[in-house]
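**Student:** I would like the atomic coordinates for the input below:
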Amino acid sequence: MNTKIVLRPAQREDVAAIVTMLADDALGRGRERIEDPLPQSYYDAFDKVAHDPNIRLMVAEGGDGSVVGCLQLCILPGLSSQGASRALIEDVRVLTTLRSQGIGEQLVRWAIGEAQARGCKLVELLTHQTRVDAQRFYKRLGFADSHVGMTFRF
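**Tutor:** Residues are numbered from 1 along each chain as shown. Here you go, the predicted model:
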């Protein structure tokens, strides 16, 4: 079942809804700060993202105008693969109550189409090893296991 949504670029007033979705699991709760008002760092980061031509932060808007999903697409130029650009999909989230209704699929398919239109030769994404449902979702959309992800934190 597909829910009727509109995909659009995120706006500054969407930041609280996006951060709430980012914090909607054990991993997210450990790295996000849900406060009222939100820490200024989120708005500073939004301003950087909004002005970077190689980053698209998109939201899925429900019929009532509320933000029900989000995704960030980064276009990464590079020398590898004969100078091919690649796309990186990050921070795909859908409200818990609306999952399995096609919203995430619409977001990811948009990102794949945008990456192709911008000349990318491949699309990559990372998902935490504990997010088994997300891994199954991405595989259903045609993504394949290919790399071992590693993180260095400060």
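**Student:** buried set for the top helix by length along the chain?
**Tutor:** Longest helix in the chain by number of residues (criterion: DSSP state H): helix 103-117. By neighbour count, and taking 16 or more other C-beta atoms under 10 Å as the criterion, the buried residues in helix 103-117 are Ile103, Gly104, Gln106, Leu107, Val108, Trp110, Ala111, Ile112, Glu114, Ala115. Every residue, glycine included, has its C-beta placed from N, CA and C.
**Student:** what about the residue nearest to the spatial centre of the chain, which SS state?
**Tutor:** Central residue of the chain (C-alpha atoms, centre = their mean): Leu71, 2.4 Å from the mean position. Reducing the assignment to helix, strand or coil with DSSP: H, G, I helix; E, B strand; the rest coil, the entry for Leu71 is strand.
**Student:** look up how far Arg153 lies from it.
**Tutor:** Between Leu71 and Arg153 the computed distance is 23 Å (C-beta to C-beta, to the nearest Å).
**Student:** what about this structure, any weak spots by pLDDT?
**Tutor:** For the chain, the stretches with pLDDT under 70 are 1-3.
**Student:** now with 50, please.
**Tutor:** In the predicted model of the chain, residues 1 satisfy pLDDT under 50.
**Student:** now do the helices in it.
**Tutor:** Counting by DSSP H, the chain forms helices over residues 15-22, 26-31, 40-50, 80-83, 103-117, 132-140, given from the N-terminal end onward.
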